[in-house]
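**Q** Next one to model:
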Amino acid sequence: PGLEGIWVGTPTGCMACAGASGMWWLFPSSFPSFSTGMLPLKKLHEVFLRLVLLPVGGAAKPKASEVLSQHLLQRGLPHWTSFCIKYSAVRNDQFGLSNFNWEVKGTNYHILRTGCFPFIKYHCSRAPRQDLAMQNRFFTTLKIINLGIPTLLYGIGSWFLASVTETVHTPYGPVTVYFLNKEDENAMY
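**A** Model (predicted):
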């Protein structure tokens with residue numbers, strides 16, 4: 001089963017009414033992010049990230065899905081955008097999702113997502129909702145077959161080439177997102 005998307009806002013749709021105690025409407029705490037068959041791989045991935053990133057307490061981090069939604073909202077629901085988030089800045093709640101629908105305030109996006117250490121890479125294109133389950137399985141299987149080596153190389157390359165940043169504001173504080181090139185606002189492509 002693929003991700004069906006989330007509602008962003010309050011029952012009335014007013015972002016200002018959400019308040020600190022009502023933020024659960026903005027970002028639900030659970031949604032079907034991966035099949036149960038991916039659970040052992042997810043656990044192994046989490047252990048690897050803990051060892052590599054050596055977390056040392058600190059403030060709570062936003063979910064990657066929260067940053068995705070907030071970035072799209074801050075950009076005014078653009079036609080497309082492509083950006084990276086550092087693994088160390090977020091909780092990776094979309095593990096196992098490679099190609100899926102994501103709805104923000106009634107606008108649907110097709111999301112291509114990959115973990116490319118030290119980043120999570122998103123490519124978002126505004127498009128009508130489609131069944132992307134087959135494409136999601138294909139891309140996820142391809143990443144597993146390749147042992148993640150191409151995505152690791154992409155992440156290392158992005159580390160050197162990401163020259164444009166933007167701050168995304170979340171309930172947990174600001175998160176920096178990285179771009180490989182400056183995007184033209186309101187560009188169709």
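
**Q** Within its sheet, name the partner strands of the longest strand seen in the chain and how each one runs.
**A** Taking DSSP state E as the criterion, the chain has its longest strand at strand 107-116. Strand pairing for strand 107-116, using DSSP bridges, gives strand 99-104 (antiparallel), strand 119-126 (antiparallel).

**Q** which stretch among the ones you listed comes nearest residue 145?
**A** Among the strands paired with strand 107-116, strand 99-104 comes nearest to residue 145, with 16.0 Å by C-beta to C-beta. All C-beta spots, glycine's among them, are computed from the backbone N, C-alpha and C.

**Q** With only the CA atoms kept, save that closest one in PDB.
**A** Provided in PDB are the C-alpha atoms of strand 99-104 (Å, rounded to 0.1, in the frame of the first residue of the first chain):
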ATOM      1  CA  ASN A  99       7.800   7.400  -5.500                       C
ATOM      2  CA  PHE A 100       4.600   8.400  -3.900                       C
ATOM      3  CA  ASN A 101       1.700  11.000  -3.800                       C
ATOM      4  CA  TRP A 102       1.900  13.800  -1.200                       C
ATOM      5  CA  GLU A 103      -0.900  16.200  -0.700                       C
ATOM      6  CA  VAL A 104      -0.500  19.600   0.800                       C
END
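
**Q** What mean pLDDT does that strand get?
**A** Mean per-residue pLDDT for strand 99-104: 96.

**Q** contacting residues around the longest strand of the chain?
**A** 5, 45, 68, 72, 77, 84, 87, 92, 94-95, 97-103, 120-130, 132, 139, 143, 148, 151-152, 154-155, 158 (C-beta atoms under 8 Å, 6 or more residues apart in numbering).

**Q** Switch the strands paired with strand 107-116 over to CSV; also include mean neighbour count and distance to residue 113.
**A** CSV is the format used below for the strands paired with strand 107-116 (neighbours: other C-beta atoms under 10 Å; distance: least, C-beta to C-beta, whole Å):
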stretch, mean neighbour count, distance to residue 113
strand 99-104, 21, 7
strand 119-126, 20, 5
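
**Q** what is the mean pLDDT for the longest strand of the chain?
**A** 93.

**Q** now stretch 160-172
**A** pLDDT averaged over stretch 160-172 gives 92.

**Q** in that stretch, what counts as buried?
**A** Of the residues in stretch 160-172, 162, 166, 168, 170, 172 count as buried by neighbour count, 16 or more other C-beta atoms under 10 Å.
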